[in-house]
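[1] sequence and predicted model, in that order:
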Amino acid sequence: MRKTQPHVDKHKLRRINLDRQGLLKTAPFGLGKNATLKAIEQLGYVQIDTISVVARAHHHILHSRVPNYHPRHLDLLQQQGSIFEHWYHAAAYLPMRDYRFALPLMGKMRRREERWVRSHDDKLMQEVLRHVAGEGPTRARDFETPSRQGESGWWNWKPAKSALEQLFMQGDLMITGREGFQKVYDLRERVLPDGVDTRTPTDAEMADYLIDNTLRSHGIATAACMTHGRIHSTYRDAVKASISEQLEDGELEEVHRADGKVMYGRPGIFEQRAPVAPARVKILSPFDNVVIQRPRGQAIFDFDYQIECYVPEPKRRFGYFCLPLLYKDNLVGRADCKAHRREGRFEVKSLHIENLNARGGVLNASGGSQKASGGSQKARGGVLEDRVFAQALRDTLKTFAQFNGCDELQFSRADPARWLQLLKQADKSSN
């Protein structure tokens, strides 16, 4: 029986989302390496990114959810075969239990239905594969030996690196670990643990996987959220068909947003009591699972977030690498930060507070909305609330600075400007 919820408060949706994302409790997954694995399994994937202005995205995302997270946790989990690297909507760490759902993309890569490198030299790829088979775990830099004068050997670095990546994307090679940030490749049969399901899923199975993965990690989602990214968008029709079937079978419920979009959740999720949102600040990565899909951030958090490192400098509004700030159950601003690791200095280049104490509306089945009650910032605590937030932000920045290998915290600019003084006062009172 199809069930549509009449109305759902946005704050409830936010807390459901944040609770599923592991961002409301202090240690939702526990501590240590096992907690890191639980976090990855709950989130479904953790995006990998190269930018190191602050801690790289995969480390930052896990640090936000596992209090004593250490980068070596990923190395150990990869070595023991609990996680693997491949592609979700971007390069990512994924739970090994989901390996079979990467197989359709690997097959497309092998058949050249998807392109990873511009050209493919099959003879070179076979040479590289033989080299890995004979020599064992291999890095791209192992092919940096210059070719002899007048020869263009298979060991030429750039073509060999492309061959390694193509072999990885089509599943012949897997990444067994990283040295620094450089991948170490080996044959799949030497990396893939025994007993892993290697049956290629049907389109229907892929659709159910995308629905399950999204609802487990977010609690509520649109169909577009489930098929985010070019690769998963190819399953859009299969996901819609599965959603329709699950609605009729009572395995899903729906609620309509003011913009006409429909969000889905498992039975009972819209009636459950909203989790508590503590007065704590979380600094999120630009690639965090909560903010990576811009439309979802706009719809649930009334927060329009765009990473600006890919935006031409004259067009940037907030800075090169602005980090979203989560306070209680809302995204309230962003901080453009840079870790000067050699100097041990963590700089908050610019801070933008724009949504503190804002309240969201109510979603309802008719597609309309009404604004939930809420007074001005001054009427709801004013200066005291500002100081509580400033202290919570300072404490979190200090912890994040230490995670980035920095002891000194520096504040350069804020908008509104009064936050700069409040943060400096909070810093002094804590030292």
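    Arrived safely, thanks for sending.
[2] which residues does the closest residue to Ala102 other than its chain neighbours contact?
    Nearest non-adjacent residue to Ala102, counting by Cβ to Cβ, 6 or more residues apart in numbering: His86, 4.5 Å away. Placement of C-beta: from N, CA and C, glycine included. Residues in contact with His86 (Cβ atoms under 8 Å, 6 or more residues apart in numbering) are Ala92, Leu94, Ala102, Leu105, Met106, Met169.
[3] packing partners for whatever helix or strand the first one lives in?
    This points to Ala92. Using DSSP states H and E, Ala92 sits in strand 91-95. Identification of packing neighbours for strand 91-95 by 3 or more Cβ pairs under 8 Å, 6 or more residues apart in numbering; DSSP states H and E yields helix 32-43, strand 46-47, strand 83-87.
[4] tell me which residues are up against stretch 126-134.
    Taking Cβ under 8 Å, 6+ apart as the rule, stretch 126-134 contacts Thr138, Phe143, Trp154, Ala160, Ala163, Leu164, Leu167, Asp172, Leu173, Tyr185, Asp186, Leu187.
[5] what's the most distant pair in those?
    Trp154 and Asp186 (18.5 Å; Cβ to Cβ).
[6] name the SS class of the nearest residue to Arg178 once chain neighbours are set aside, please.
    Leaving aside its sequence neighbours, Arg178 sits nearest to Val184 (Cβ to Cβ, 6+ apart; 6.3 Å). Three-state assignment for Val184 (DSSP: H, G, I helix; E, B strand; the rest coil): strand.
[7] does Val184 touch Ala140 like I think?
    No - Val184 lies out of contact with Ala140 (Cβ atoms under 8 Å); the separation is 9.6 Å.
[8] residues in contact with stretch 297-314?
    Contacts for stretch 297-314 (Cβ under 8 Å, 6+ apart): 10, 13-14, 17, 51, 53, 222, 257, 259, 261, 286-287, 290-291, 294, 316-322, 324, 330-331, 334, 355, 358, 360.
[9] check the chain for its longest strand and report it.
    Criterion DSSP state E: the longest strand present in the chain is strand 330-340.
[10] quick one: distance of that strand to the chain centre.
    16 Å (Cα atoms, centre = their mean, to the nearest Å).
[11] can you list the strands that that strand pairs with?
    strand 322-327 (antiparallel), strand 345-353 (antiparallel) (DSSP bridges).
[12] so what touches the last one?
    When contacts are taken as Cβ under 8 Å, 6+ apart, the neighbours of strand 345-353 outside the stretch itself are 318-319, 322, 325, 332-340, 397, 400-401, 404, 406, 408-416, 419-420, 423.
[13] got a ChimeraX select line for the buried ones in the residues you listed?
    This is the ChimeraX syntax for the buried subset of the contacts of strand 345-353, where burial follows 16 or more other Cβ atoms under 10 Å:
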select :318,319,322,325,332,333,334,335,336,337,338,339,397,400,401,404,406,409,410,411,414,419,420,423
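[14] quick one, helices of the stretch 101-250 of the chain?
    Assigned by DSSP state H, counting those that start in this stretch, the helices in the stretch 101-250 of the chain fall at 103-110, 122-135, 157-169, 188-191, 203-218, 223-226, 236-248.
[15] what's the answer for the stretch 301-431 of the chain, then?
    According to DSSP H, counting those that start in this stretch, the helices that the stretch 301-431 of the chain contains are 382-403, 418-430.
[16] average model confidence for the shortest one?
    In this case it means helix 418-430. For helix 418-430, mean pLDDT is 85.
[17] appreciated, that's everything.
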